[in-house]
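# for reference, the sequence and a predicted model appear below.
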Amino acid sequence: MPILDTSFLVDLLRGRGEAQELLAELEEKSAPIFTTPITALELYRGAHLSKDPEKNLGVVEKVLASLLVLPLNEEACMVFGALSARLRSDGKKIGEFDEVIAAIALCCDQEIVTKDEHFLKVPNLKVLKY
């Protein structure tokens, strides 16, 4: 069950071919497709910052309705704390939002679908780059 990151969903919304092709492949497998609350808030922020917020908020709502949003629970919070501290002490910070996304993925033992290379810095995180 892949977790779609913000970069993937934005590329999908912009009609980028590689994202559309990968989504078709994922849908063929008939497995549930997930995202995180962090990705949801990033998408809503982008819609509000856009030239046509009303239209784009509707698009975001439609996209999120088609996905299962994984919870940000206590386990993910504990994993985030340890992961963020480790990345910081190793000089490999990737940004707090992406560290939360990574923590949720680690808790669920799932891969993140993204084009963001910095996720590769996270130990034991499965990353599906496109």
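Great, that's in hand.
# contacts only, for residue 125.
Under the criterion of CB atoms under 8 Å, 6 or more residues apart in numbering, the contact list for residue 125 reads 102, 105-106, 112, 119. For glycine as for every other residue, the C-beta is placed from the backbone atoms N, C-alpha and C.
# in terms of secondary structure, what does the lowest-mean-pLDDT helix or strand in the chain contact?
For the chain, scoring each helix and strand by mean pLDDT, DSSP states H and E identifies helix 17-28 as the least confident one, at a mean of 93. Under the contact definition 3 or more CB pairs under 8 Å, 6 or more residues apart in numbering; DSSP states H and E, helix 17-28 sits against helix 6-13.
# residues contacting the closest residue to residue 20 other than its chain neighbours?
Excluding its sequence neighbours, the residue lying closest to residue 20 (CB to CB, 6 or more residues apart in numbering) is residue 12, at 6.5 Å. For residue 12, the contacting residues are 4, 19-20, 23, 63, by CB under 8 Å, 6+ apart.
# then residue 112 would be within a helix, right?
No: counting by DSSP: H, G, I helix; E, B strand; the rest coil, residue 112 is located in no helix; its state is strand.
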